[in-house]
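A.B. asks: predicted model and sequence below, questions to follow.
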Number of protein chains: 2
Amino acid sequence: MPSDEPDDAQRAAPLARIGRQPSTSHAELSHVALQLFIEHGFDNTTVDDIAASAGIGRRTFFRYFPSKNDLPWGDFETLLDRMRVFLRELPADMPVVDALCTAVIEFNRFPLEEVPYHRQRMELLLNVPSLMAHSTLRYTAWRQVLAEYVAGRLDVPVDSLRPQTLAWAFLAVSLSAYEQWLKHDDADLIQLLSEAFRMLDTAFDRQEHSLPPASPPSPPGP
Amino acid sequence: MPSDEPDDAQRAAPLARIGRQPSTSHAELSHVALQLFIEHGFDNTTVDDIAASAGIGRRTFFRYFPSKNDLPWGDFETLLDRMRVFLRELPADMPVVDALCTAVIEFNRFPLEEVPYHRQRMELLLNVPSLMAHSTLRYTAWRQVLAEYVAGRLDVPVDSLRPQTLAWAFLAVSLSAYEQWLKHDDADLIQLLSEAFRMLDTAFDRQEHSLPPASPPSPPGP
DNA sequence: ATACTAATGACACTCAGTGCCGAAGGGAAG
DNA sequence: CTTCCCTTCGGCACTGAGTGTCATTAGTAT
């Protein structure tokens, strides 16, 4: 889990603030919920369970998180901001693709002691259908960060083909690396990411692109 | 819309079948629903509306489609089968990446008269958050088809890094092309796809991959 | 003590999705 | 035509997510 305080002491600190104090925090809810998800499964855990377990009312829960699906993500926006800054401060003469590689890798580097926790989170996010689906919306925001950088560097519109395609491709490769990471207990995420980027790099090598004219019509799809 | 009959005459044809005749069809429901979605918006259309508009009971609706989100996809599995076959029948000495390009392009070729309909479908699928999210699950099946082909060609496990990364990358590029297609009324999808594939091809050219050692730890993300 | 402010939680409501079960509509055998 | 056997239909009740409303609670400032 990202941001917020380490774990305990949320309701302490009589901050010089006006009005009633919050009775919990994003981080605490995230923790409590993740625990329940791992114990009983995501689908078998109701929002009532979570609220009860956190000692708050059901209605209050929805003031902290817009949906049950948002719990495992925690405070993603803050992370995106960090990546934005990181990209902005890279040397302007660094090849765009290298910049993206570096930023994405940096984005996925985190302290050793957080690894197990992160694993659990990602295990859920990449395996529970409901969460897989919901995560798409987060990925969109993530891609947007990359696309904006590329667009800035190349001086083209953010929504044009090149920034969007690169952003999509980097997301794709990252997720692919994550899948491998989860599949092997001893894997190193950073290494997998580098490897996956490199693979994309060389995937198209050693052959010309014929792209034959293709045959008769056939229906649609993504 | 994929499979099923052109549009009308669903309840005709006294097929030599036992038991009561179905009172509608996937295709008809898809049509009715899509109409409503376009008219009133996806979120403002309830399943009751759709059922009523199709002249069936709400309960019956869920016997045709497992969820409201599945409506715009129609019979996707059939399309996937078609792509599987197409891939299988490609010459075994064609470079893997070329094979994927060809298959994906083939998969997205469809008769002119269906283009407007397809556009509407995809407009929804790529813009309505709820549908964007749900589509992820379909994309997973789509990726699996590509990954299986790559794995077969390269004689490695389906769930290993290379097949998965390639599948992800091709999905990414396809979606990126689709976004462009939707953004420009006069765009040619096939052309955009080729262009996007080529871009990925050359994206990594003209620079070595430094991938610097990177700095201090920072939290996670996709 | 009083006024103001912000968070809480109870209640009621909408909508998606599911299990259950009797009823409707069709073919086939008597 | 009647009966039996299927299969689909659709009503009902229920769970669970998410939202609007509003009185209540717990703080700070005066």
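C.D. replies: Everything's here; your move. The structure presented is a predicted model; accordingly, all values stated were derived computationally and were not measured.
A.B. asks: confidence-wise, which helix or strand of chain A is lowest on average?
C.D. replies: Each helix and strand of chain A was given a mean pLDDT (mean pLDDT, DSSP states H and E); the minimum falls on helix A:189-203 at a mean of 89.
A.B. asks: which secondary structure elements does the helix ranked longest in chain A sit against?
C.D. replies: Among the segments of chain A that qualify as a helix by DSSP state H, the longest is helix A:129-154. Applying 3 or more Cβ pairs under 8 Å, 6 or more residues apart in numbering or on different chains; DSSP states H and E, we find helix A:129-154 packed against helix A:76-88, helix A:96-107, helix A:115-127, helix A:161-183, helix B:129-154. C-beta: built from backbone N, CA, C; applies to glycine.
A.B. asks: need those in a markdown table (columns: mean neighbour count, mean pLDDT and distance to residue B:101).
C.D. replies: What follows is those, written out as a markdown table (neighbours: other Cβ atoms under 10 Å in any protein chain shown; pLDDT from 0 to 100; distance: least, Cβ to Cβ, whole Å):
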| stretch | mean neighbour count | mean pLDDT | distance to residue B:101 |
| --- | --- | --- | --- |
| helix A:76-88 | 17 | 94 | 30 |
| helix A:96-107 | 22 | 95 | 20 |
| helix A:115-127 | 16 | 95 | 27 |
| helix A:161-183 | 24 | 94 | 14 |
| helix B:129-154 | 19 | 97 | 11 |
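A.B. asks: redo those as TSV? Include distance to DNA strand D.
C.D. replies: What follows is the helices and strands packed on helix A:129-154, written out as TSV (distance: least, Cβ to the nearest atom of the strand, whole Å):
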stretch	distance to DNA strand D
helix A:76-88	16
helix A:96-107	26
helix A:115-127	14
helix A:161-183	22
helix B:129-154	10
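A.B. asks: could you export those helices as TSV, including distance to residue B:117?
C.D. replies: Formatted as TSV, the entries for the helices and strands packed on helix A:129-154 read as follows, by distance: least, Cβ to Cβ, whole Å:
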stretch	distance to residue B:117
helix A:76-88	36
helix A:96-107	36
helix A:115-127	33
helix A:161-183	24
helix B:129-154	16
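A.B. asks: show me the domain layout of chain A.
C.D. replies: Per automatic domain parsing, the domain ranges recorded for chain A read A:26-70, A:75-202.
A.B. asks: the last one spans what distance, first to last residue?
C.D. replies: When you say that, I think you mean domain A:75-202. This stretch, domain A:75-202, spans 35 Å end to end (Cα to Cα, to the nearest Å).
A.B. asks: how many neighbours does residue A:190 have?
C.D. replies: The number of residues packed near residue A:190 is 17, by other Cβ atoms under 10 Å in any protein chain shown.
A.B. asks: picking up where we left off before, out of the helices and strands packed on helix A:129-154, flag the one nearest residue B:61.
C.D. replies: Residue B:61 lies closest to helix B:129-154 among the helices and strands packed on helix A:129-154, at 16.4 Å (Cβ to Cβ).
A.B. asks: could you tell me the angle between that closest one and helix B:76-88?
C.D. replies: Helix B:129-154 and helix B:76-88 are oriented at 30 degrees to each other (axes from the mean of the first three to the mean of the last three Cα atoms, to 10 degrees).
A.B. asks: indicate whether helix B:129-154 makes contact with DNA strand C.
C.D. replies: No - Helix B:129-154 stays out of contact with DNA strand C when judged by Cβ under 7 Å from any atom of the strand, the minimum separation being 7.9 Å.
A.B. asks: now do that helix and helix A:161-183, the angle between them.
C.D. replies: The directions of helix B:129-154 and helix A:161-183 differ by 70 degrees, with the same axes, to 10 degrees as the criterion.
A.B. asks: what's the angle from helix B:129-154 to helix B:115-127?
C.D. replies: Computed by the same axes, to 10 degrees, the angle between helix B:129-154 and helix B:115-127 is 100 degrees.
A.B. asks: now do helix B:129-154 against helix A:189-203, angle only.
C.D. replies: 70 degrees.
A.B. asks: off-centre distance for helix B:129-154?
C.D. replies: Helix B:129-154 sits 9 Å away from the centroid of its parent chain (Cα atoms, centre = their mean, to the nearest Å).
A.B. asks: save the domains of chain A as JSON lines, and put in distance to residue B:182 too.
C.D. replies: Formatted as JSON lines, the entries for those read as follows, by distance: least, Cβ to Cβ, whole Å:
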{"stretch": "domain A:26-70", "distance to residue B:182": "26"}
{"stretch": "domain A:75-202", "distance to residue B:182": "11"}
